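> Pasting a predicted model and its sequence here:
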Amino acid sequence: MKNRTTLVLISFLFLSLIVYITRETPIINSFSGVVQKAFYYPRAFFYHAKIDIQNPFNFDRGNDLEKIKKENSRLLEKMADYERLKNDNKALRGQFETSDFKPQILLAANVIGFSGKPDFPDSLIIDKGEEDGVKEGAAIVSGKNLVGKVQKVSKYFSKIILPVNKNFSLVGKTSSTGALGVIKGEEDFMLFNNVLITENLSDSDIILTRGDVNDLGVGIPPDIIIGKISSIYKQENKPFQNAKINNLVDYSGLRIVFVLKTL
Amino acid sequence: MRILSYKNVLFFFLLVSVVLESTLISFPLFLILSIILFLLDNSVKTMFYIFFMSLILDSVHAERVGVSAIFIFTSFLLLNFYKKGFEITDLKAVVFVIFISSFLYSKVVGYNPGFIFSIAAVTFFSFIFLRFIRRKIFLW
């Protein structure tokens, strides 16, 4: 009897390994697709109910405060635009720049799930996948802000890793001076790491993406807003400085995001 | 056959945990409930049910299909070998396997590692629950 149980368990483990190895095959993909279609509405219902329930109890999100936050976000976007135009102008005066980036289109996607803390998620699930042309590494935006990048793609759903996730890493730059650094997630905030000590960072600097697009045109385009510096850690005897970045997007309240898809 | 037996209630909770884990909570609830269900009933039917539900969980979670099943059946095998080796079902060993497998699963699937306290809390409640149904486990 005991040997039989062991045998059955080993058989199931073996079966699981076969499923895992053959997960990209049409049979498993079709099964996954059917399940995802079937669970779409319950998932969307629960996720939106969570957002609706969360908001009334969150006193920080009063109407006035919400308006100010939106206004602030709009002004920061304008500031980032201004800085970008200023830098572009400077560059264009010297010579015309050519861009290797392929044109991209926006694909609207509904957020239907998350992982991490309910009020501070570190990844999201969207209702667009392989069938819609979503590729791993593609940028996800909301307005002019970076929401994250596609980590895993399945038939109809995709998993988005947010910049606050510990596994997130991306090269970024400041909007004012273009100082480069590595953005790393730290669960509740982001860290702008490995910035040369000679670079000037200021408290109100906006951090933008530097651009990380592969030859197929998939990736994070330049000049998308990641966040705003809130504090700077600098020691003169060290070669690098770093800064804490606060995100400008409320990840827990997102319902619709946009996938940057190559044409 | 009693409809409200421990087994049937756990079967129901297992189904609910798939929906909850893929929408509202970021926590290996399905894995923990599967281990408890396995301790109560290690029939092929139960194992197939757990296997099938784990594939659904992975699909809904946009996760690599089969990853949950590998974790779950490895945990079952560990418990089974422990029981065969020592001829006892020690609750401490069960709780240890629940804790370790939940922790590793959370790391692999990408649940927040800060949830270690939640895992510890649920492991504690599993311990209480398993003590409560201890007699049933010894029948295994």
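Thanks, I have the structure now. The structure displayed is predicted, hence computed values, not measured ones.

> Name the nearest residue to A:Thr177, sequence neighbours excluded.
For A:Thr177, ignoring the flanking residues on the chain, the nearest one in space by Cβ to Cβ, 6 or more residues apart in numbering or on different chains is A:Asn200 at 5.6 Å. For glycine as for every other residue, the C-beta is placed from the backbone atoms N, C-alpha and C.

> Residue ranges in chain A under the pLDDT threshold?
For chain A, the stretches flagged by pLDDT under 70 are A:1-2, A:54-67, A:87-88, A:90-104, A:263.

> change it to 50
Applying pLDDT under 50 to chain A flags residues A:95-101.

> Now do the strands in it.
Secondary structure of chain A by DSSP state E: the strands cover A:104-117, A:120-126, A:139-142, A:145-153, A:158-161, A:169-174, A:180-185, A:190-196, A:206-209, A:212-213, A:219-220, A:225-233, A:240-247, A:256-262.

> Relative to the whole chain's centre, how far out is the fourth one?
Centroid separation between strand A:145-153 and its chain, computed with Cα atoms, centre = their mean, to the nearest Å, is 4 Å.

> ok, residues contacting that strand?
Strand A:145-153 is contacted by residues A:73, A:77, A:123-124, A:129-130, A:134-141, A:158-163, A:165, A:168, A:170, A:209, A:219-220, A:224-226, A:247-249, A:251, A:254, A:257, A:259, B:62-64, B:110 when judged by Cβ atoms under 8 Å, 6 or more residues apart in numbering or on different chains.

> go again using 7 Å as the cut-off
Where contact means Cβ atoms under 7 Å, 6 or more residues apart in numbering or on different chains, the residues beyond strand A:145-153 that reach it are A:123, A:129-130, A:134-141, A:158-163, A:209, A:220, A:224-226, A:248-249, A:254, A:257, B:62.

> CA atoms of it as CSV?
The C-alpha coordinates for strand A:145-153 follow below in CSV (Å, rounded to 0.1, in the frame of the first residue of the first chain):
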residue,chain,number,x,y,z
ASN,A,145,4.6,57.0,-16.9
LEU,A,146,6.2,53.7,-17.0
VAL,A,147,4.1,51.0,-15.2
GLY,A,148,6.5,48.1,-15.8
LYS,A,149,7.7,45.6,-18.3
VAL,A,150,6.2,42.3,-19.4
GLN,A,151,7.8,39.5,-17.5
LYS,A,152,5.9,36.4,-18.7
VAL,A,153,3.5,36.0,-21.5
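
> could you measure B:Glu41 against B:Leu20, distance?
If you look again at residue B:41, you'll see it is Asp, not Glu. In this structure, B:Asp41 and B:Leu20 are 22 Å apart, going by Cβ to Cβ, to the nearest Å.

> more crowded one of these two?
More crowded of B:Asp41 and B:Leu20, by other Cβ atoms under 10 Å in any protein chain shown: B:Asp41, with 18 against 15.

> mind putting the strands of chain A in JSON lines, distance to A:Gly33 included?
Converted to JSON lines, the strands of chain A look like this (distance: least, Cβ to Cβ, whole Å):
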{"stretch": "strand A:104-117", "distance to A:Gly33": "15"}
{"stretch": "strand A:120-126", "distance to A:Gly33": "15"}
{"stretch": "strand A:139-142", "distance to A:Gly33": "21"}
{"stretch": "strand A:145-153", "distance to A:Gly33": "12"}
{"stretch": "strand A:158-161", "distance to A:Gly33": "13"}
{"stretch": "strand A:169-174", "distance to A:Gly33": "31"}
{"stretch": "strand A:180-185", "distance to A:Gly33": "30"}
{"stretch": "strand A:190-196", "distance to A:Gly33": "34"}
{"stretch": "strand A:206-209", "distance to A:Gly33": "32"}
{"stretch": "strand A:212-213", "distance to A:Gly33": "29"}
{"stretch": "strand A:219-220", "distance to A:Gly33": "26"}
{"stretch": "strand A:225-233", "distance to A:Gly33": "33"}
{"stretch": "strand A:240-247", "distance to A:Gly33": "33"}
{"stretch": "strand A:256-262", "distance to A:Gly33": "18"}
